[in-house]
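> Quick one, what's the 3D model for this:
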Amino acid sequence: MAKRGALLLVLLLGLTACQIDIEVGIGFNEDGSGVVTVDVALDEQAMALNPDITSLLLTDDIENPASGWSYNEPRIDEQGRTSFSASKPFGSPEQLELVLAEIFISDDVFRDFTFERDTSFAKIDYRVTGVVDLSDGMDLFTDPELTDRLGGEPFGEPTPDLESALEGVTMRVVLDLPVGPEREEILEFGGDRATRLEMTAQDESGTAVVLRWVAWLAFALVGLSVLIAVAGYLLERRARDRSIDPTVTQETLARTTGSAPAQPPPKRLRMVVLNPLGVLFEPADEPAKLLASFAAERGIERDDEEVEQLHHQAVLGRITPGELWSGLGLDDDPAELTEQFLDQYTVRSGARDFVTEMTRRDLPVACLTNDISPWSSALRDRLGMEGVDTWIVSSDVGVCMPGPGIYEALRRTTSVPYENSLLVDVVAEHLDAAQALGMSTALLADARPKAGEAPGHAVVTSFSDFFRRRPRS
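Numbers count the residues shown, from 1 in each chain. Model (predicted):
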């Protein structure tokens, strides 16, 4: 279709200094199908050079319905140029490359195109990547078979400085995902390298946004209720202190009344919650520190605070992994960088056996983590971690530990009350917040605390500690 038409355009350029704009639009639907549109705009000089250009561009394969191309009637745009366009649908990213291969003589101009759709909590993430290679310059427009028939000259006669003719050609590639604005890339013919394209977009449910605000409002009301209750308790206690003998205790009161002091009902454990980064997977270092070291090994020195801020934005779901790597100054392929970064993680000794034992005891296991959702999924797949019933990842819910919102997301997802859950983590601040909500907590540490140290949580140094029999009192 466009191969013969493009050759005619170059013929025009070889004879006069006219201006030609080529736009290749790729529009995607939610399932990865879509439409490729090729638009060629000629200025008045190009149109005056050959009034029959319309019939020349309308080649047999365009007129043939079996080709799949739909040709639109020429139109005059606001700049006075005559625009010719044709479009063809594709059913998948694989079919997309076949359609794009019909535009130029070379099949390698458009290659390695991928489309990803990741559905998570209340949102859908889209990502498209691909490579556009215009380094062959004039060879992209010339037909070898026709050149041979013309005695080795693309236009039938010697034409000086063909490459300079391409200065009148503007090439644009426009990507359009199901949501968000279009992404336009202006490219030049010739050069010594290909151009990599990448575009991301996110579709967030309006209902989910409203529910999130309602949840925060509910948290605020709960917090206000707690403050009122605490204030009332303090006022009541102050009044009692002024009127009751301070030496009277609950025990002495029980002895005088003949009743025993009330005991809180025992908690029944219904779910074990683990922070996979540090508990299931090692190393247990903060991911931001690992990122800084990863960049330094590749010659990029970044301030620790700057790395921490970039990582925090990523685990909140506000930037993509590609934007994180770019912000760190690493311009290699984001997928390869992610794979190399995750290579340093291994499964902690005893972790698989612990999860298996919990399953045997019909005790569900959930994971709660401050992480980037694609990284979390890739890590659990790479290391083959099975048996975990629920994964709550910060970038999916938009809030990190120790923020109360991520714990509430866990409670709503599992329907297990806080008081029936045990959280095991390597970060004390995460456990403090969980304990304040009523969860049981355990700190996984390298060693037991020294005398005088009180972390405020049960301390274990290995998974086997959970199965040791406690001495009877």
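> Quickly find the element holding residue 32.
Using DSSP states H and E, residue 32 sits within no helix or strand.
> Go ahead and confirm it touches residue 115.
Yes - using C-beta atoms under 8 Å, residue 32 is in contact with residue 115, at 4.4 Å. Just so you know, the C-beta spots here come from the backbone N, C-alpha and C atoms, and that holds for glycine as well.
> what's the overlap in contacts for the two?
In the contact map built from C-beta atoms under 8 Å, 6 or more residues apart in numbering, the residues linked to both residue 32 and residue 115 are residue 93.
> quick one, helices of the stretch 1-150 of the chain?
2-15, 44-49, 53-57, 60-63, 93-100, 144-149 (DSSP state H, counting those that start in this stretch).
> and if you look at the stretch 351-473 of the chain?
So, for the stretch 351-473 of the chain - with DSSP H, counting those that start in this stretch - the helices run 351-360, 373-382, 394-397, 404-414, 428-437.
> Distance of the closest residue to residue 204 other than its chain neighbours relative to residue 194?
Distances taken as C-beta to C-beta, 6 or more residues apart in numbering place residue 123 nearest to residue 204, at 4.4 Å, with adjacent residues excluded. Applying C-beta to C-beta, to the nearest Å, the value for residue 123 to residue 194 is 32 Å.
> Counting neighbours, go ahead and name the busier of those two.
residue 123 (19 against 16; other C-beta atoms under 10 Å).
> Name the residues linked to that one by a beta bridge.
residue 120, residue 204 (DSSP bridges).
> Residue 396 versus that one, what's the distance?
In terms of C-beta to C-beta, residue 123 sits 8 Å off from residue 396.
> intersection of neighbour lists for these two?
With C-beta under 8 Å, 6+ apart, residue 123 and residue 396 have common neighbours residue 317.
> which intervals of the stretch 101-250 of the chain have sub-threshold pLDDT?
Scanning the stretch 101-250 of the chain with the threshold set as pLDDT under 70 gives 105, 121-122, 138-166, 205-212, 233, 235-250.
> And the strands in it?
110-120, 123-132, 169-176, 183-187, 195-204 (DSSP state E, counting those that start in this stretch).
> Save these as CSV, and put in distance to residue 298 too.
Converted to CSV, those look like this (distance: least, C-beta to C-beta, whole Å):
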stretch, distance to residue 298
strand 110-120, 23
strand 123-132, 21
strand 169-176, 29
strand 183-187, 26
strand 195-204, 18
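> Name the nearest residue to residue 408, ignoring sequence neighbours.
Per C-beta to C-beta, 6+ apart, closest to residue 408 is residue 215, 6.7 Å.
> ditto for residue 81
residue 41 (4.4 Å).
> List the beta-bridge partners for the one you found.
Under the criterion used (DSSP bridges), residue 41 bridges to residue 21, residue 83.
> And for it, the neighbour number?
Neighbours of residue 41 (other C-beta under 10 Å): 21.
> next one: the one 3 residues further on
Residue 44: 14 surrounding residues under other C-beta under 10 Å.
> hang on, isn't it packed against residue 76?
No - using C-beta under 8 Å, residue 44 makes no contact with residue 76, being 9.9 Å away.
> per-residue pLDDT, the closest residue in space to residue 34 that isn't next to it in sequence?
The shortest distance from residue 34 to any non-neighbouring residue, by C-beta to C-beta, 6+ apart, is to residue 28 (4.3 Å). At residue 28, the model reports a pLDDT of 95.
> In contact with the most centrally placed residue in the chain, which residues are there?
In the chain, the C-alpha nearest the mean C-alpha coordinate belongs to residue 320, at 4.6 Å (C-alpha atoms, centre = their mean). Shown in contact with residue 320 (C-beta under 8 Å, 6+ apart): 125, 127, 200, 314.
> Neighbour-wise, give me the winner out of those.
Going by other C-beta under 10 Å, residue 314 tops the contacts of residue 320 with 25 neighbours.
> average pLDDT for the helix or strand hosting it?
Using DSSP H and E, residue 314 sits in helix 304-315. Averaging pLDDT along helix 304-315 gives 94.
> Check stretch 275-283 too.
95.
> List the contacts of it.
274, 284, 287, 290, 344-348, 351, 355, 367-371, 376, 379-380, 383, 385, 401, 423-427, 430, 444.
> Would you mark the buried spots in it?
275, 276, 277, 278, 279, 280, 281, 282 (16 or more other C-beta atoms under 10 Å).
> With stretch 78-87 instead?
81, 82, 83, 84, 85, 86, 87.
> hmm, back to that, does the residue nearest to residue 204 really touch residue 203, like I thought?
Yes - counting by C-beta under 8 Å, residue 123 does reach residue 203; the two are 6.4 Å apart.
> Surely residue 291 is within a helix?
Yes - according to DSSP: H, G, I helix; E, B strand; the rest coil, the state of residue 291 is that of a helix.
> what's near enough to touch it?
Neighbours of residue 291 in contact, by C-beta under 8 Å, 6+ apart: 307, 310, 311, 328, 341.
> between these, which is nearest residue 170?
Distance to residue 170, by C-beta to C-beta, is smallest for residue 328 among the contacts of residue 291, at 33.5 Å.
> Give the burial count for the closest one, as a bare number.
Neighbour tally, residue 328, other C-beta under 10 Å: 20.
> Quick one: residues contacting the residue lying closest to it once chain neighbours are set aside.
Of all residues not flanking residue 328 in the chain, residue 295 sits nearest, at 5.0 Å (C-beta to C-beta, 6+ apart). Applying C-beta under 8 Å, 6+ apart to residue 295 gives the contacts 301, 302, 307, 328, 329, 330.
> can you do 10 Å?
Going by C-beta atoms under 10 Å, 6 or more residues apart in numbering, residue 295 touches 301, 302, 307, 325, 328, 329, 330, 337, 341.
> Could you pick out which of those residues are located in helices?
Counted as lying in helices by DSSP state H, out of the contacts of residue 295, are 307, 325, 337, 341.
> so the second one makes contact with residue 311?
If I follow you right, that is residue 325. No - counting by C-beta atoms under 10 Å, residue 325 stays clear of residue 311, with 11.3 Å between them.
> Just the C-alpha atoms of whichever helix or strand the residue nearest to residue 328 is part of, please, in CSV.
Per DSSP H and E, residue 295 falls inside helix 287-297. The C-alpha trace of helix 287-297 is given here as CSV (Å, rounded to 0.1, in the frame of the first residue of the first chain):
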residue,chain,number,x,y,z
PRO,A,287,14.7,-1.1,49.1
ALA,A,288,15.7,2.5,48.7
LYS,A,289,19.2,1.7,50.0
LEU,A,290,19.4,-1.2,47.6
LEU,A,291,18.4,1.0,44.8
ALA,A,292,21.1,3.6,45.7
SER,A,293,23.7,0.8,45.7
PHE,A,294,22.4,-0.6,42.5
ALA,A,295,22.8,2.8,40.8
ALA,A,296,26.2,3.3,42.3
GLU,A,297,27.4,0.0,40.9
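> Could you list the buried residues of that helix?
Under 16+ other C-beta under 10 Å, the buried positions of helix 287-297 are 287, 288, 290, 291, 292, 294, 295.
> Quick check: which ranges of the stretch 301-450 of the chain have low pLDDT?
In the stretch 301-450 of the chain (pLDDT under 70), no residue qualifies.
> sorry, back to before: how far away is the residue nearest to residue 81 from residue 360?
69 Å.
> before we move on, what about residue 101?
55 Å.
> repeat for residue 306
Noted for residue 306: a distance of 46 Å to residue 360, by C-beta to C-beta.
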